[in-house]
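A.B. asks: No sequence on hand, only this structure:
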Ligand code: ACO
């Protein structure tokens, strides 16, 4: 029996910065509305032909591998979380195996949207705990910008999401008081359609119909979010799953050195911070700069927090997410 630890972290975001004012030139919105409701000031959108979900994941992974002090030959397995794969199939895991030249290691794709990175982390943690693998590459990467509804119909969703990638190398930790102490995963599929993208799922995508009546403006081609319903569920589930993680490890709220919530919306993070009575130093947010990057948001934020020296050896770090599915999850880490 082993533990796993985060041995290296990296992130990559496209160079193309899109401010709220930039968006207001192509969609009926404004900086004040976006900042007041979401805290977002700007996000990144890929430049056509320059980046994809896979290529950004690869760039983040290269940094994480180097920082972990391992080589590509040491990576035993890949877990890739995304809701925006380059291809409908195959998933991006095998593309990372190819593009990084990772022998013929196994590659798994995780489809759990905003909770995807924590689901991926949990899977990787189990493989390391059992001793099956020693070093696993865990990636969260998303391209949203190519699929957003830039008409007034989609504006409450389209202003929120951004592109980017984060990666972690999870490695064997023999000291059982350190590393990932526990992960906690939940879902409630009865709310699946409240935050969803229906096409090109095979339930909606009858090729014969598409050929006969292809309407690229059909709303099923764009993400849908029942924003207020998502907000109400998110604040409850975030709190529950953080408490579940603390209780499982006999920890108190006062033991939290750093909480990194999925960067859904600054108002959700602030609500959670207030509910737990945490100080600004105990919660890390960067949604202001990157928007909501779903599966990439936690590894991007975790990497930035670590780079800024906000996470030190011995710290108790709590990761928590809520999103489409609905799914929600947490991870408790002794750094
Ligand atoms: N710019 C300007 N006006 C807008 C915009 C926009 N981008 N979007 C909507 N509006 C208008 C609407 O047309 C409406 O106008 P009306 O009152 O004249 O009809 C008004 O603003 C309110 O619209 P709502 O859709 O009710 O907006 P709401 O106040 O609910 O805010 C938001 C939307 C920000 C999404 C909010 O519901 C929210 O915070 N939800 C939480 C969910 C969330 O953040 N999800 C993140 C992604 S999911 C995840 O990661 C878990």
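C.D. replies: Thanks, I have the structure now. These figures come from a predicted structure and were not determined experimentally.
A.B. asks: Spatially, what comes nearest to the residue of the chain found nearest the ligand if we skip its sequence neighbours?
C.D. replies: For the chain and the ligand, the shortest gap (Cβ to the nearest ligand atom) falls at residue 227, measuring 2.4 Å. C-beta here means a position set from N, CA and C on the backbone, and glycine is covered the same way. Leaving out its chain neighbours, the residue that sits closest to residue 227 by Cβ to Cβ, 6 or more residues apart in numbering is residue 156, at 5.7 Å.
A.B. asks: can you give me the helices for the stretch 101-250 of the chain?
C.D. replies: Assigned by DSSP state H, counting those that start in this stretch, the helices in the stretch 101-250 of the chain fall at 116-129, 155-158, 207-212, 227-248.
A.B. asks: Mean pLDDT added to the ones you listed, as a markdown table?
C.D. replies: Shown next, in a markdown table, are the helices of the stretch 101-250 of the chain (pLDDT from 0 to 100):
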| stretch | mean pLDDT |
| --- | --- |
| helix 116-129 | 98 |
| helix 155-158 | 93 |
| helix 207-212 | 61 |
| helix 227-248 | 97 |
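A.B. asks: any idea how far the residue nearest the centre of the chain is from residue 85?
C.D. replies: Closest to where the C-alpha atoms of the chain average out (Cα atoms, centre = their mean) is residue 295, at 2.0 Å. Distance of residue 295 to residue 85, computed by Cβ to Cβ, to the nearest Å: 11 Å.
A.B. asks: now do residue 186
C.D. replies: For residue 186 relative to residue 85 (Cβ to Cβ), the value is 24 Å.
A.B. asks: Settle it for me: which of these two has more neighbours?
C.D. replies: residue 85 (21 against 16; other Cβ atoms under 10 Å).
A.B. asks: Is the more buried one in a helix, a strand, or coil?
C.D. replies: With DSSP: H, G, I helix; E, B strand; the rest coil as the basis, residue 85 sits in coil.
A.B. asks: Double-check it against residue 116; I have them as touching.
C.D. replies: No: if you go by Cβ atoms under 8 Å, residue 85 and residue 116 don't touch, sitting 11.3 Å apart.
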